[in-house]
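Trainee: Structure for this input, please:
(2 chains)
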Amino acid sequence: MIASLLAQQPDAVERVVDTVTTGEAVAFWILGPLALAGALGMLFARNAVHSALWLVLTMLSIGVLYMVQQAPFLGFVQIIVYTGAIMMLFLFVLMLVGRDSSDSVVEVLRGQRLAAAVIGVGFAGIVVGSVARALTDVEPVGLAAQNTQNGGNVANIGEALFTDYLFPFELTSALLITAAVGAMVLAFTSRTGQDAKKTQKQLVEERFRGNRPGSLPGPGVFATANSVATPALLPDGSVASESLSELIETTARETLEDDVAEVSGTGHQPDAHALKGESS
Amino acid sequence: MSTAELLADDPLWLSLVKVVGIFAFLVVMTLFMINWERKVVARMQQRPGPNRVGPNGWLQSLADGLKLAFKEDIRPVLADKWVFFLAPVISCIPAFVAFSVIPLGGEVSIFGERTALQLVDLPVGVLVVLACSSLGVYGIVLSGWASGSPYPLLGALRSAAQVISYEIAMGLSIVAVVMHSHSLSTADIVDAQSSGWYFYLLPVSFLIYVTSMVGETNRAPFDLPEAESELVGGFHTEYSSLKFALFFLAEYVNMVTVSALATTLFLGGWRFPFVGDDHILNSGWFGLLWFVVKTLAFLFLFIWLRGTLPRLRYDQFMRLGWKFLVPIALVWFVAVAFARYLRQEFESGSGLDTGTALIVIGAFLVAVLLIAFLLPDKREPHDPDAVPITGGGYPVPPLDLKVPKAPPRRQVQVAELPTAGNQTQEPAAVTAASQKEASDGRV
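Mentor: Numbering: from 1, shown residues only, chains lettered A, B, ... in the order given. Predicted coordinates for the structure are as follows:
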């Protein structure tokens, strides 16, 4: 339906500007509620990923609304940039953080709520004001002329961007570059100096220069017991101290009581019927 | 009459016929492609491949599809119920939608109605394909997240990073095509190639597009999101039955779509080479034939790559994308823009003549060469005490390693086996211990 609407653009030159065609009305009454539902869903979803998905629905609906209103380039760029790239980055971060992590409720910024409330009300005021002005004062011209003359939609947008709006356009890109460079500076870890991560080659050389090129002896697992705490024994029967795990050796004995009991054979032995799931 | 005008007065039934036709085309191509891939890879590996179901095994994928549909649909306990269901659907729908802007052929008559073999021609047609591929990633990413287990999650993370980075290279490679054809509409791009195909007019763009289209569709050697030897199956590890079938379908439809876009952008779409626009070979339904042949050539390239190249490591893959493809694409389209500007200047005959242009280009080249000469060579600092390590980075023992002298072995009594020439009897008193040692050495 939308596709056919778009395809009919060459015919739409003579269209009267301030009437809404049936197709446009149908598209609006489907997409408008969807966009609204997405926004509400984003606010009320408990899961962060679900929230992000609701927001994707809103962005998609808005993108399609742009297309219906004769701005196909804007619509598809909205989908590619916002839905495809920005929301994907959001999802990427959410997934890296983990599905079960919850939000921290500690507020680190002082006066955050007050500032948020003031700025939110201010933003709402600006939006309402501009929309009200657009609905009352501004005479709509329609995009029919722009979409058909002088190379069509894309060519006209390109020309406007690179002539009249070149400076704002460059400013925006400078802002983005600054943000990207800032993120890189924050995330930068030195490759040289004290805290640099050693490369595989450096590690190998270090190992060959040291007094033990091979690996440390493993624990005596399976020799007498299947606990990693069991030390390996040297040929003369003494304990090979290198096989001891530092972590296990520094653990309090009480926390290892179960393992000790298992090794010494005094602990709880598995029941032969345990695999059947019956408590005999 | 342009394609957009031709398509604008399509009646509704004709649009429906085209929709069903495109859907059927893509599904049949998927079934064919699975089988073809198995057969070609089998031939490359010198084995017969599927040859049981149907004539020469050509119905194998149909049988596999039926089997998939009747399998048990498993949902893991930890899976997110709705997103787990939604993910395969999301990955499938954009794959099909993207094909709606591909021109399959020129002007034909269907049941007496003049139309073009294309569902819709938008002024931003190429962007539709890019938008659809960026939406298709959601299917992969969400499936990985919703499965609730580590391998799919890793696959999803890889896939998100991969597709975002390769989409940049792909978009940049398309820019030069758009500059040449003055349009984002796919039909106009095909028309603009009537004087010459872009794969030789814009060879760098073509190579970058072909590389990034393989990365974009998660195919070997860039199949890191579903690397079988590392991630079991990657994002679709937990999927079974029809949901898995949807992922499978989406992957193959995506392959067909990017191949079709490559045909459209670089191989002249449905046009037959060497003949004029009004030749019989460029008229009517012939276009569809050429289009399918060219698309199949790209699909064969996919199979060929899979049969030839090993999978890249993740950091190599990212380096290729960001440090190689993207910079080259940027430099290339600036060069193309500059060349077009020069040509415009020549054609308008204002101010610029060939001599000035050549001097400017020569000065530029000299500057580049000077910089290249003046840059200091980057030499590896030579460390005389370095442990000798082979070029591959694998550790080897030092070459000057002194093997310590072996301690003198205790002479062990060895039981000689009775042979024809040597019938001397061994003393019967051989201890159990020495028997064991002897058997270690001599048997």
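
Trainee: Tell me how many other residues crowd A:Ala52.
Mentor: Neighbourhood size, A:Ala52 [other C-beta atoms under 10 Å in any protein chain shown]: 18. In short, each C-beta sits where N, CA and C put it, glycine included.

Trainee: Correction: the previous question concerned B:Asp9.
Mentor: 13.

Trainee: contacting residues around it?
Mentor: By C-beta atoms under 8 Å, 6 or more residues apart in numbering or on different chains, B:Asp9 lies in contact with nothing.

Trainee: State the distance from it to B:Ala116.
Mentor: 11 Å (C-beta to C-beta, to the nearest Å).

Trainee: can you check B:Gly136 too?
Mentor: 26 Å.

Trainee: out of these two, which sits in the more crowded spot?
Mentor: Just comparing B:Gly136 and B:Ala116: by other C-beta under 10 Å the higher neighbour count belongs to B:Gly136, 27 against 24.

Trainee: Double-check that the more buried one belongs to a strand.
Mentor: No: assignment of B:Gly136 by DSSP: H, G, I helix; E, B strand; the rest coil gives helix, placing it outside any strand.

Trainee: Please identify the helix or strand for the residue nearest to it when sequence neighbours are not counted.
Mentor: Nearest non-adjacent residue to B:Gly136, counting by C-beta to C-beta, 6 or more residues apart in numbering or on different chains: B:Pro94, 4.5 Å away. B:Pro94 is located in helix B:81-97, with elements delineated by DSSP states H and E.

Trainee: Now that we're looking at the residue nearest to B:Glu226 when sequence neighbours are not counted, what pLDDT does it have?
Mentor: Leaving aside its sequence neighbours, B:Glu226 sits nearest to B:Gly234 (C-beta to C-beta, 6+ apart; 3.2 Å). If you check B:Gly234, the pLDDT there is 77.

Trainee: And for the one 3 residues further on?
Mentor: Model confidence at B:Thr237, expressed as pLDDT, equals 84.

Trainee: In contact with it, which residues?
Mentor: Taking C-beta under 8 Å, 6+ apart, one finds B:147, B:149, B:151-152, B:155, B:231 in contact with B:Thr237.

Trainee: Pick out the most distant pair among those residues.
Mentor: B:Ser147 and B:Leu231 (11.6 Å; C-beta to C-beta).

Trainee: Neighbour count: these two, which is higher?
Mentor: B:Ser147 (26 against 21).

Trainee: Provide a list of residues in contact with that one.
Mentor: By C-beta under 8 Å, 6+ apart, the neighbours of B:Ser147 are B:76, B:78-79, B:84, B:153, B:235, B:237-239.

Trainee: so which strand or helix has the nearest residue to A:Leu34 once chain neighbours are set aside?
Mentor: Nearest non-adjacent residue to A:Leu34, counting by C-beta to C-beta, 6+ apart: A:Ser61, 4.5 Å away. Assessed by DSSP H and E, A:Ser61 sits inside helix A:48-68.

Trainee: Near chain B, which residues of the stretch 51-200 of chain A are found?
Mentor: A:53, A:56, A:72-73, A:76-77, A:79-80, A:83-85, A:88-89, A:91-92, A:95-96, A:99, A:147, A:151-155, A:200 (C-beta under 8 Å from any C-beta of the partner chain).

Trainee: if you set the cut-off to 10 Å instead, what comes out?
Mentor: Those residues of the stretch 51-200 of chain A that sit near chain B, judged by C-beta under 10 Å from any C-beta of the partner chain, are A:52-53, A:56, A:60, A:63, A:67, A:71-81, A:83-85, A:87-89, A:91-92, A:94-96, A:98-100, A:147, A:151-155, A:199-200.

Trainee: Need the overlap of contacts for B:Ser147 and B:Leu231.
Mentor: B:153, B:155-156, B:237 (C-beta atoms under 10 Å, 6 or more residues apart in numbering or on different chains).

Trainee: And B:Ala146, how far from A:Ala174?
Mentor: B:Ala146 is 39 Å from A:Ala174, by C-beta to C-beta.

Trainee: one step back: and the average pLDDT for the helix holding B:Pro94 is what?
Mentor: pLDDT averaged over helix B:81-97 gives 88.

Trainee: what's the next helix or strand after that helix packed up against?
Mentor: Remark: after helix B:81-97, the chain's next helix or strand is strand B:105-110, criterion DSSP H and E. Identification of packing neighbours for strand B:105-110 by 3 or more C-beta pairs under 10 Å, 6 or more residues apart in numbering or on different chains; DSSP states H and E yields helix B:3-8, helix B:12-44, strand B:113-117, helix B:186-192, helix B:286-308.

Trainee: try 7 Å this time
Mentor: strand B:113-117, helix B:286-308 (3 or more C-beta pairs under 7 Å, 6 or more residues apart in numbering or on different chains; DSSP states H and E).

Trainee: Save these as TSV, and put in mean pLDDT and distance to chain A too.
Mentor: Below are the helices and strands packed on strand B:105-110 laid out as TSV (pLDDT from 0 to 100; distance: least, C-beta to the nearest C-beta, whole Å):
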stretch	mean pLDDT	distance to chain A
strand B:113-117	78	11
helix B:286-308	89	20
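
Trainee: ok, now which ones touch B:Glu177?
Mentor: That one is not Glu; residue B:177 is Val. B:189, B:198, B:202, B:205, B:265 (C-beta atoms under 7 Å, 6 or more residues apart in numbering or on different chains).

Trainee: Put the buried members of those residues into a PyMOL selection.
Mentor: Listed next is the PyMOL selection for buried residues among those, using 16 or more other C-beta atoms under 10 Å in any protein chain shown:
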select buried, chain B and resi 189+198+202+205+265
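
Trainee: In TSV, list the contacts of B:Val177 along with distance to B:Val108, pLDDT and secondary structure.
Mentor: Output for these, formatted as TSV (distance: C-beta to C-beta, whole Å; pLDDT from 0 to 100; DSSP: H, G, I helix; E, B strand; the rest coil):
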residue	distance to B:Val108	pLDDT	secondary structure
B:Ile189	19	86	helix
B:Tyr198	24	83	helix
B:Leu202	29	83	coil
B:Ser205	30	88	helix
B:Leu265	22	89	helix
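
Trainee: ok, back up a step: neighbours of the residue nearest to A:Leu34, just the number please.
Mentor: A:Ser61, neighbours per other C-beta under 10 Å, totals 21.
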